[in-house]
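**Student:** how would this look folded up:
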Amino acid sequence: MSHARIYADFQNLDNENRLRLTCAGTFEDLKKLGVELREGLVLTFYTDDEDDDGNPDELFVDGTVRFNDDDQLWVAEIDWNALRHASQSQRGNGNVTTAR
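**Tutor:** From the prediction side, this is the model:
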C-alpha cells in the first residue's frame, strides 16, 4: 500500500516522542499533495540525510496522525525502530507518493 510522502523534522518531537507536524516543509507537502490531516491517517514521513560518502539518502518512516490536545497541534506516532533510508527502499522495500 502506498502512502503520501510528507516532509517532517525528525528532531521536532513532543513529550511523547511523536513528530510535531509544524514545519514549513510539512505544510508545503501537504498542500502540494492535497492531504488534510485527520486522526488515524497513515502517512510516510521523510527527512534529509546522507550516506557514509555524503550522498543524499533520505530517512523515512510510516506514522499515524494524531491530534495533540495539550499542545493543540497535529503529531505523528512513529515506530522509530522502523526508520529506514531511501536507498533501502530502492532495493525493493517501498512505494511512496512524493510532492518533491
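**Student:** And the pLDDT for Gly92?
**Tutor:** Predicted confidence (pLDDT) for Gly92: 50.
**Student:** Check Asn55 too.
**Tutor:** Per-residue pLDDT puts Asn55 at 88.
**Student:** Kindly report the same for Val96.
**Tutor:** pLDDT, Val96: 45.
**Student:** from now on call the first residue 35
**Tutor:** Fine by me, first position is 35 from now on; the one you just mentioned is Val130.
**Student:** max-length helix in the chain?
**Tutor:** Looking across the chain with DSSP state H, the single longest helix is helix 58-67.
**Student:** For this structure, identify the residue most remote from the centre.
**Tutor:** Computed with C-alpha atoms, centre = their mean, the residue of the chain farthest from its C-alpha average is Asp87, at 23.8 Å.
**Student:** That one and Thr81: what is the separation?
**Tutor:** 19 Å (C-beta to C-beta, to the nearest Å). For every residue, glycine as well, the C-beta is placed using N, CA and C.
**Student:** do the same with Cys57
**Tutor:** 10 Å.
**Student:** what is in contact with those two at once?
**Tutor:** 41-43 (C-beta atoms under 8 Å, 6 or more residues apart in numbering).
**Student:** Name the member of those with the most neighbours.
**Tutor:** Ala42 (26 neighbours; other C-beta atoms under 10 Å).
**Student:** hang on, that one packs against Phe79?
**Tutor:** Yes. Ala42 is within contact range of Phe79, at 4.2 Å (criterion: C-beta atoms under 8 Å).
**Student:** so what sits against both of the two?
**Tutor:** Joint contacts of Ala42 and Phe79 (C-beta under 8 Å, 6+ apart) are 53, 110.
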